[in-house]
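S.K.: what follows is a predicted protein model with its sequence.
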Amino acid sequence: MKRYAAYGAVGALLLCVTGCGGPDALMREFVANLNVYAETLEKREPKEKQQAALDRIKATTEKLDRLKLSKEDQDKLFTRYDAELKRVKERVEAAQKAVAMEGADADTPDLFSTFKPK
């Protein structure tokens, strides 16, 4: 009986761990962080919250860089998430334009030039 419990625990652990930190999970995290940043701009939240969102984006791009994916794998990954990336890019750009139109401090970075397929 103990053996079955141990096998069950190990199996559950393996199911929970698989897929963590892979390229797909990191791309979903990247898109989610971009959405959070867009939301901070849209709600005109303080610069500290915007900077925290930018820091999370930067951390995710560094994780993606550390994967050292081949050119083909990067192309496949970006093709797979192309629609989501376009949607979030439009949202961020619209929010940045709205902030700039208000005459607020428009020192928003170009996020989409920081991480591109190599």
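M.R.: Thanks, I have it.
S.K.: where in the chain is pLDDT low?
M.R.: For the chain, the stretches with pLDDT under 70 are 1-21, 104-118.
S.K.: how about the helices in it?
M.R.: Using DSSP state H, the helices of the chain run over residues 2-17, 23-42, 47-66, 71-80, 82-101.
S.K.: mind putting the ones you listed into TSV with mean neighbour count?
M.R.: All C-beta atoms are positioned from the backbone trio N, CA, C, and that covers glycine. What follows is the helices of the chain, written out as TSV (neighbours: other CB atoms under 10 Å):
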stretch	mean neighbour count
helix 2-17	9
helix 23-42	18
helix 47-66	15
helix 71-80	13
helix 82-101	14
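S.K.: for Lys49, give its distance to Tyr37.
M.R.: In this view, Lys49 and Tyr37 are 9 Å apart by CB to CB, to the nearest Å.
S.K.: to clarify, my last question referred to Leu77.
M.R.: 20 Å.
S.K.: ditto for Leu67
M.R.: The spacing between Leu67 and Tyr37, counted by CB to CB, is 22 Å.
S.K.: got it, and Tyr81?
M.R.: Between Tyr81 and Tyr37 the distance, using CB to CB, works out to 17 Å.
S.K.: ok, Thr61 next?
M.R.: According to CB to CB, Thr61 stands 12 Å off from Tyr37.
S.K.: again, but for Pro46
M.R.: Pro46 is 13 Å from Tyr37, where distance means CB to CB.
S.K.: check contacts around the nearest residue to Thr60 once chain neighbours are set aside.
M.R.: The spatially closest residue to Thr60, leaving aside those adjacent along the chain, is Phe30, at 4.7 Å (CB to CB, 6 or more residues apart in numbering). With contact set as CB atoms under 8 Å, 6 or more residues apart in numbering, Phe30 has these partners: 57, 60-61, 64, 115.
S.K.: please identify which of those residues is nearest to Glu102.
M.R.: Taking CB to CB as the measure, Ile57 is the one of the contacts of Phe30 closest to Glu102, at 22.7 Å.
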